[in-house]
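Visitor: For reference, the sequence and a predicted model appear below.
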Amino acid sequence: MSTTKPVHAAMSQFSVAGSELLVGGLPLGRLALRVGRTPFYAYDRALLSERVRHVRAHLPPSVRLHFSVKANPMPALVQHMAGLVDGLDVASSGELKTALDTGFDPAHVSFAGPGKQDAELSQAIAAGVCINVESEGEIARVAHIADALGIAPHVVVRVNPDFELKGSGMRMGGGAKPFGIDAERVPECLHQLAVLGIAPQGLHIFSGSQSLKAEAIMESHALSIELALRLAGDAGIVVPGLYLGAGFGIPYFPGEQRLDLAPIGDNLQEYMARVDAALPGTRVSLESGRYLVGEAGVYVARVIDRKVSRGQVFLVTDGGLHHHLAASGNFGQVIRKNYPATVGNRMDVLERETVSVVGPLCTPLDVLAERMDLAQAGVGDLVVVFQSGAYGLSASPTAFLGHPAPAEVLV
């Protein structure tokens, strides 16, 4: 009988039985047969649920947890997450449809993004979701459309703070940004809403994401709450909701450590007392995407050729950057680094070699792993790229060179 053992390093959330990686409790080879083709993305529902439980265990009980659909808009995954979180955050009419199809309460769905079209604003108003207004012009358009429809809009003011999340992979606040209304302009915008007869449902402050530094996240949360208290106090308004970007990151590369949520939760607990005193009845919510789903997903491609070129071994697969742009290093990396990867059906093979895993596209950018130490593999074997549950398929140029799109499964 085969025994189950943990996988090392960044892949430790998955297990191994004999020679095969287990995803959703299924051996990889059997899962590939069930999917019917390669390449494919697979998301482990048990890991998704466990990650939400992990986050809730460290947050103050009164803090609500929202899932950012842009991290992974696969409908089945969003449906699963809808049963676990308190809110869904979307950034397009397509994501809005996916969120509403889950049956989630529209009042707890928020619609963000700096370039919402009139048709999207009409959809959001008709659906009864919260619109994160990102400019003074958008406020005027929302008011005009709502008046024409005869439906009162639900509006949250997104604030561009005068600080950023230090050490973050993606900085969304501080300086000149297309996102949100500059903090110094927010009082005037709140006055504009009052004149229009629109009561704001809250403030949204998002300074950055993909941080592995607890201290930086704690500072960002503290500054965000202080800013919200000041803006609400100066405007003399009731703020039903305060929406904060979590900023939680996941480790991708060698040397990176998992984020410790304990001090972040303790810090929030201290600030909740201040919020309760200054803004009684205000709900505080954290928005997270990558942290909730990123480590629960894998991308699987099959080796279709093994070749040696001037002493270097190449495993050529049926998948590549057109399916997983981030793993290829072409989605924000300045210096290319390998995502964690393995040969998923040769987990017990002791013979190792340095290989490059490349895709079928006619470009030198189509690299999934460069000079990486992997189990010796050949044609028909399955290469697995970990940390693939967020910003994978939907963030990739699937139409490039006309290859078929990969499958997606939730197991």
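Guide: That came through, no problem.
Visitor: In the protein, where is pLDDT below threshold?
Guide: Residues of the chain meeting the criterion pLDDT under 70: 1-10, 164-178.
Visitor: hmm, who's touching the lengthiest helix in it?
Guide: Counting by DSSP state H, the longest helix found in the chain is helix 214-235. The contact list for helix 214-235, computed with C-beta atoms under 8 Å, 6 or more residues apart in numbering, reads 159, 161, 163, 165-168, 183, 186-187, 190-191, 203, 205, 207-208, 211, 238-239, 242, 244-248, 259-261, 263-264, 267-268, 271, 274-275, 278-279, 284. Where you see a C-beta, it was placed from the backbone N, CA and C, and this is true even at glycine.
Visitor: Buried ones only from these, please, as a PyMOL command.
Guide: For the buried members of those, the matching PyMOL selection, counting by 16 or more other C-beta atoms under 10 Å, is:
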select buried, resi 159+161+163+165+166+167+168+183+186+190+203+205+207+208+211+239+242+244+245+246+247+248+259+261+264+267+268+271+275+279+284
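Visitor: next helix or strand past the longest helix of the chain?
Guide: Next helix or strand after helix 214-235 toward the C-terminus (DSSP states H and E): strand 241-245.
Visitor: domains of this protein?
Guide: Segmentation of the chain into domains, based on automatic domain parsing, reads 4-44+295-410, 112-288.
Visitor: Now do the end-to-end distance for the last one.
Guide: Taking C-alpha to C-alpha, to the nearest Å, the span from the opening residue of domain 112-288 to its closing residue is 14 Å.
Visitor: cool, stretch 187-201 as well?
Guide: End-to-end span of stretch 187-201 (C-alpha to C-alpha): 15 Å.
Visitor: ok, now stretch 400-411?
Guide: 28 Å.
Visitor: Just the buried residues of that stretch, please?
Guide: 400, 403, 406-411.
Visitor: now swap in stretch 339-350 and tell me
Guide: Buried residues in stretch 339-350 (16+ other C-beta under 10 Å): 339-347.
Visitor: got it, and stretch 305-323?
Guide: Using 16+ other C-beta under 10 Å as the test for burial, stretch 305-323 gives 306, 313-323.
Visitor: Just name the closest of those to residue 359, please.
Guide: The shortest approach to residue 359 among the buried residues of stretch 305-323 belongs to residue 320, at 1.8 Å (C-beta to C-beta).
Visitor: what about that closest one, which SS state?
Guide: Using DSSP: H, G, I helix; E, B strand; the rest coil, the structure places residue 320 in coil.
Visitor: Please list all residues in contact with the closest residue to it other than its chain neighbours.
Guide: In space, residue 320 comes closest to residue 359 once its chain neighbours are excluded; the distance is 1.8 Å by C-beta to C-beta, 6 or more residues apart in numbering. Contacts for residue 359 were tallied using C-beta under 8 Å, 6+ apart; they are 301, 316-323, 328, 366-368.
Visitor: I figured residue 79 was touching residue 104, is that so?
Guide: No: taking contacts as C-beta atoms under 8 Å, residue 79 lies outside contact range of residue 104: 9.1 Å.
Visitor: Compare neighbour counts for the two and give me the winner.
Guide: Between residue 79 and residue 104, counting by other C-beta atoms under 10 Å, residue 104 is the more crowded of the two (22 against 16).
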